[in-house]
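Engineer: Got a sequence here, can you build the structure:
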Amino acid sequence: MQRTNQSKPRRKRHGKAGPLVLTFLVAAIATALVTWVLIQMFTRKQEARVPFVRVAELNEISVDPEPWKLNWPHHFDGWKSTAGDKFYGGSSAMPQSKLETFPWLKRLYAGYAFSIDYREARGHAYMLYDQGVTERVTKKPQAGACLHCHGSTTVLYRKVGLEALGQDADDEALAADFNMEAVQKGFEEVSTKSYAEVLGMLKQMPDGTPDENEPVFPQAPVGGFEGEFAGQPVPEDHPDMGEAHPVTCIDCHNPETMAIRVTRPGFINGIRDLAEGDAPAPHLPSIEKWRNGDRKEPYDPNLHASRQEMRSFVCGQCHVEYYCANKMTLTFPWKNGLKMEDLEKTWEETTFPDGTEFIDYKHGETGATIYKVQHPEFELWSQGIHARSGVSCADCHMPYQRVGATKLSSHNVRSPLENVNASCQNCHHQSEKELASRVEGIQERNQALLERAGEAMTQMLDAILEAKAAGATDEDLQEIFDLQRKSMWRLDYISSENSRGFHASQEAARILAESIDYSRQAEVAALRLRAPEAPSTEDIEVEDVVGVTPDDGAPPAEDDGAAADEESAEGEREASESDEA
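Structural biologist: Numbers count the residues shown, from 1 in each chain. Alright, predicted model coming up:
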């Protein structure tokens, strides 16, 4: 009995130890888990605080993007992805011809190089290659100003500008400072040179990798697939070595800080003209702020714009309307505002340096003077709801993504429809299918209206040609030519804009409606010139227009049912009067 009594307390002590051990183990595991979470949080914070490791030193001649990828590999991979899975060069890999898809474009551009070769757009990786092989360059004379956007030109502009200013222009001077004054001067010097000459100069510029001569993306064969510039064999002295790059990191980023910046003089001049005018710009608050300030210094996007505005300005350096032939310096027509008619008004007020009227080309069929629109994405976006809501180009085309703890913009610049989740659903909380359907619906309606405007334009041209065949002179047709220019400017404005109407759907529809209206006005006027004098219509009997209420004082006619009701009511009144009597 004693042994039994003595054994009971031992069992009691063992019973208490079990929960204590379990509690200890749970606490240890929880402590380890919390410690792991804290370590991970600290590590991620450190990663976010130091988003890159500076492996390569960069400067203002680091045009080649390969050194940049050592510091920012994810950004580089995204930029390179604009080529797709691989870079496709050669004539067999060229994109579909728009002239074959939409034959009316040939008549729209008759007399202009776009009637020879005009293809669907590809990613940024192809922007210099495709320009180098298009027959617009190989068959017709083109200006070096075309490279303002298709090539990485900042070093070229700076070197030419420094030389023109009588300053040192060696590699050390070029690497030290961006020097906007020199860039602006070089831009002006280069704008009126030929495409072949400027391309040759561009290839000879230092790009930061002197011991390497193999660009990330293949260069176009010199003179395109047939070895010609402007229909002539490539000159023997044209540089065959050296690299020319499409848009690269240095065109949008400061190599020291990686800060976003505007480098293209055309944009800087254009946005300054916009700021100095009085056209509303509610989607660009820094311009309104500058206008209300002391204006002691010109508006400069690199000084005055917000970071969110810069996320559109870097795109607006190139995705815009501009003049880029060789009769004057490349110009953004923004002094009167960013609406379609504001740009048109600017061209109407412009004369070339020799005093002649501004035109882009004379129409090959009618001889009318025409304004050629480039690709006014920035301007049309400026009229849309996204711009008014503070949404930048990069928000949709370069949406943020997570890489570890780092948040960065995707540099695979592409259509938001290819990444609806990241591009659209941050703001729009509908399904991907629903959002894609909305976009496609807008674009389908825009395309249908575009086709109708193209048909109206071709019928207008037919009528003008018939009027000329009937003996109408250019003097007789002058007012009709003005209508033709207005019609074609509006049609070209939307057909050349690459969002297919989405950037501002109501504005795009308005512009196409005006194009149709001007085409029909010109067609009717031309038909009147073509046809014999119309006979008099005075002897034709016509019925006078009768309004809802006749003007002869007679009561309106009533139907049989109403008449019967009235007779019944009259009978009831007579019976009632008889009873009273």
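Engineer: What residues of stretch 263-281 count as buried?
Structural biologist: Buried residues in stretch 263-281, defined by neighbour count with 16 or more other C-beta atoms under 10 Å: 263-275, 277, 281. (C-beta placed from N, C-alpha, C; glycine too.)
Engineer: before we move on, what about stretch 164-183?
Structural biologist: In terms of neighbour count (16+ other C-beta under 10 Å), stretch 164-183 has its buried residues at 169, 173-175, 178-180, 182-183.
Engineer: What mean pLDDT does it get?
Structural biologist: Across stretch 164-183, pLDDT averages out at 95.
Engineer: Over to that stretch now: how far is its first residue from its last?
Structural biologist: Terminal residues of stretch 164-183 lie 11 Å apart, using C-alpha to C-alpha, to the nearest Å.
Engineer: Ala169 against Tyr157, yeah?
Structural biologist: No. Counting by C-beta atoms under 8 Å, Ala169 does not reach Tyr157; the two are 11.3 Å apart.
Engineer: From Gly266, how far out is the residue most central in space within the chain?
Structural biologist: Among the residues of the chain, Glu377 comes closest to the average C-alpha position under C-alpha atoms, centre = their mean, at 2.6 Å. From Glu377 over to Gly266 the distance is 15 Å, taken as C-beta to C-beta, to the nearest Å.
Engineer: Looks like Pro95 contacts Arg122 (just checking).
Structural biologist: Yes. With contact defined as C-beta under 8 Å, Pro95 counts as touching Arg122 (5.7 Å).
Engineer: So for these two, which sits in the more crowded spot?
Structural biologist: Neighbour comparison, Pro95 and Arg122: the larger count goes to Arg122, with 17 against 12 (by other C-beta atoms under 10 Å).
Engineer: Okay, buried residues for stretch 286-304 please.
Structural biologist: In stretch 286-304, counting by 16+ other C-beta under 10 Å, buried: 286-287, 290, 299, 301-302, 304.
Engineer: If you could redo that for stretch 486-500, that was the one I meant.
Structural biologist: Using 16+ other C-beta under 10 Å as the test for burial, stretch 486-500 gives 486-497, 499-500.
Engineer: Just flag the most distant two among the buried residues of stretch 263-281.
Structural biologist: Maximum pairwise distance among these (C-beta to C-beta): 23.4 Å, between Thr263 and Gly277.
Engineer: What about the closest residue to the residue nearest to the centre of the chain other than its chain neighbours? Give its phi and psi, please.
Structural biologist: Nearest non-adjacent residue to Glu377, counting by C-beta to C-beta, 6 or more residues apart in numbering: His319, 3.9 Å away. Torsion angles at His319 (phi, psi; degrees, to the nearest 10) stand at phi -80, psi 70.
Engineer: Glu228 too?
Structural biologist: phi -130, psi 150.
Engineer: show me what contacts it?
Structural biologist: Counting by C-beta atoms under 8 Å, 6 or more residues apart in numbering, Glu228 makes contact with 138-139, 234.
Engineer: who wins for neighbours among the residues you listed?
Structural biologist: Thr138 (24 neighbours).
Engineer: doesn't Val222 make contact with it?
Structural biologist: No. At 10.2 Å, Thr138 does not count as touching Val222 under the criterion of C-beta under 8 Å.
Engineer: got a list of what Ser519 touches?
Structural biologist: 453, 456-457, 459-460, 483-484, 487, 491.
Engineer: That one: which element?
Structural biologist: Here Ser519, judged by DSSP states H and E, is contained in helix 505-530.
Engineer: Let me know whether the residue nearest to Glu377 touches Phe378 as I believe.
Structural biologist: Yes. Assessed by C-beta under 8 Å, His319 is found in contact with Phe378 at 5.4 Å.
Engineer: Show me whatever sits in contact with both of these two.
Structural biologist: Cys393.
Engineer: quick one: which of those two has more around it?
Structural biologist: Higher neighbour count among His319 and Phe378: Phe378, with 26 against 22, using other C-beta under 10 Å.
Engineer: ok, that one - contacts?
Structural biologist: Going by C-beta under 8 Å, 6+ apart, Phe378 touches 312, 315-316, 319-320, 338, 393.
Engineer: His238 too?
Structural biologist: Applying C-beta under 8 Å, 6+ apart to His238 gives the contacts 196, 200, 222-223, 229.
Engineer: want to throw those into a markdown table with secondary structure?
Structural biologist: Converted to a markdown table, the contacts of His238 look like this (DSSP: H, G, I helix; E, B strand; the rest coil):
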| residue | secondary structure |
| --- | --- |
| Ala196 | helix |
| Gly200 | helix |
| Val222 | coil |
| Gly223 | coil |
| Phe229 | strand |
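Engineer: Can you check those and name whichever has the most neighbours?
Structural biologist: The most crowded member of those, judged by other C-beta under 10 Å, is Phe229 (24 neighbours).
Engineer: how far away is the closest residue in space to that residue that isn't next to it in sequence from His238?
Structural biologist: Distance criterion C-beta to C-beta, 6+ apart; nearest residue to Phe229, sequence neighbours excluded, is Ala196 at 4.1 Å. Ala196 sits at a distance of 7 Å from His238 (criterion: C-beta to C-beta).
Engineer: now Glu341
Structural biologist: Relative to His238, Glu341 is positioned 42 Å away (C-beta to C-beta).
Engineer: now do Lys80
Structural biologist: To His238, Lys80 is 28 Å away according to C-beta to C-beta.
Engineer: next one: stretch 62-82 to chain centre, how far?
Structural biologist: Mean C-alpha position of stretch 62-82 versus that of the full chain (C-alpha atoms, centre = their mean, to the nearest Å) differs by 23 Å.
Engineer: Just the buried positions in that stretch, please.
Structural biologist: The neighbour-count check on stretch 62-82 (16+ other C-beta under 10 Å) flags 62-69, 71-72, 74-76, 78-82 as buried.
Engineer: Do me a favour and get the end-to-end distance for that stretch?
Structural biologist: Criterion C-alpha to C-alpha; first-to-last residue distance in stretch 62-82 is 20 Å.
Engineer: neighbouring contacts of that stretch?
Structural biologist: Taking C-beta under 8 Å, 6+ apart as the rule, stretch 62-82 contacts 52-56, 58, 123-125, 152, 154-155, 205-209, 212, 215-216, 243, 245, 248-250, 255, 258, 403, 406, 408-414.
Engineer: residue contacts, the closest residue to Asp354 other than its chain neighbours?
Structural biologist: For Asp354, ignoring the flanking residues on the chain, the nearest one in space by C-beta to C-beta, 6+ apart is Lys327 at 7.8 Å. By C-beta under 8 Å, 6+ apart, the residues touching Lys327 are 192, 352-354.
Engineer: which among those gets closest to Ala164?
Structural biologist: The nearest member of the contacts of Lys327 to Ala164, counting by C-beta to C-beta, is Thr192 at 13.3 Å.
Engineer: The closest one in helix, strand or coil?
Structural biologist: coil.
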